[in-house]
Structure formats: C-alpha cells, structure tokens
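Enquirer: Next input, structure requested:
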Amino acid sequence: MDMMMMEQPTLFETAASERVVPALLSALDHAITVIATRHPHRPLLLLHAHREECIALALLVVERQCVEACDATLSEALFGMRRARTGGGGGEQQVYDLDVKYHGILLGKQGVTVKALQQASGAKISFVKEPSGKVVLTGNKIQRSRAWELLTSVKDQLPKVLTKVRNNEIQKGDLKSAPEMEGKA
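Expert: Numbers count the residues shown, from 1 in each chain. Predicted coordinates:
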C-alpha cells in the first residue's frame, strides 16, 4: 500500500465519526434559528425559511473540499482516519520530465527517499526510464502539487548535502539540523 500506514480506528472513533455531521447540522440549524429570531431582518428570515437547503449546500461544499484535500469525509478528517485504497483508480496522473540521473537520488537507498516523499505528499510517485526520463505523480491535485514541490526541493538540495557529507563537513546525524533541509521532507 502506497498510502501512509495508519492504525485501525478505535470503536469510539468510528462511532463518534458517524455522529459528527448530524451534530454539526443540528448546531448550525440552532444557530440560524437563534440569529434569525434575535435579528428579524429580511435576509436572515429568508435564510431561516430555507435553512435546510442552505445547510445541505454548505455540507456539500465542505464534504467535497475535505474529500479533494485529504481523501476523507469531514468526520474522517476530524478523527484522522484514512480510507484504504482498493486497487486502481488512485486519482489523476501527471507526468513531468525528470532526467534519469536524478531517479537514483530521489529513490534513495531501498526506496527510503521516495517512500518519505509519498508519505509527506499523499501522492504515488513512480519513475519512467525513457530516453529523457520522467516521473509520474498519481493523486489529487493538491497531492500531486505537493509531491512535485518536494521532489524538486530534494533534487536541488540533496546533492549539495551529500557533497558536504562526503567532504566530512556534515557528520552522521547532523542532517536533521542542516539549514538546507529545514522544512523539507
């Protein structure tokens, strides 16, 4: 599985996640009713009269954003749960040109670098060794964008850091505080 390995949700989290959206809907309905009652202006009264439609529309927008941004419904995102991918489908693909000479650096020893990049971005990253070299990013738009940003950052920074390691300018264990790698995967 290319996604982050997540623990199974507890029974509490599963039960609570099913109650989050109805509870939020009730709270929003109550808030609209109280505001419309205390401030009886025409727009608020119209909002109150059509509150069920407004709430359904707001919920649709929020749920869609959550699914696009983090592959989870609102309640799943609140409890940190992730959906397991079941073969095929995994999102849209985007292909970028990436010279073959960088593939090894970005893969890392036993794939450790690419696994970290996949975990940080949520996108699946695969390399194609055509004459010019390419990288294929699979996931939603945000995941693909983050993966490309991380890939280019590592591609630009890692060779400089490795040169410093070879020249004994950086000792083993010092990379966590290397200024070139701050904020990078």
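
Enquirer: Can you give me the distance of Ser121 to Gly91?
Expert: For Ser121, the distance to Gly91 equals 12 Å [CB to CB, to the nearest Å]. To be clear about C-beta, it is placed using only N, CA and C from the backbone, and glycine gets the same treatment.

Enquirer: Spit out the residues that contact those two alike.
Expert: In terms of CB atoms under 8 Å, 6 or more residues apart in numbering, Ser121 and Gly91 are both contacted by the residues Gly139, Gln143, Arg144.

Enquirer: OK, contacts around the second one?
Expert: It refers to Gln143. Gly91, Ser121, Gly122, Ala123, Leu137.

Enquirer: ok, now with 10 Å
Expert: Residues in contact with Gln143 (CB atoms under 10 Å, 6 or more residues apart in numbering) are 68-71, 90-92, 118, 120-124, 137.

Enquirer: buried subset of these?
Expert: When those are checked for burial by 16 or more other CB atoms under 10 Å, the buried set is Cys70, Asp71, Gly90, Gly91, Gln118, Ala120, Ser121, Gly122, Ala123, Lys124, Leu137.

Enquirer: my read: Leu74 touches Gln65, true?
Expert: Yes - counting by CB atoms under 10 Å, Gln65 is a contact partner of Leu74 at 8.8 Å.

Enquirer: Which one of these two is surrounded by more residues?
Expert: Per other CB atoms under 10 Å, whichever of Leu74 and Gln65 has more neighbours is Leu74, with 18 against 12.

Enquirer: Could you check which helix or strand contains the residue lying closest to the more buried one once chain neighbours are set aside?
Expert: Spatial nearest neighbour of Leu74, excluding adjacent residues (CB to CB, 6 or more residues apart in numbering): Cys66 at 4.9 Å. Here Cys66, judged by DSSP states H and E, is contained in helix 51-70.

Enquirer: Give me the contacts around that helix.
Expert: Helix 51-70 is contacted by residues 21, 24-26, 28-29, 31-33, 36, 46-48, 50, 72-78, 80, 82-83, 122, 140-143 when judged by CB under 10 Å, 6+ apart.
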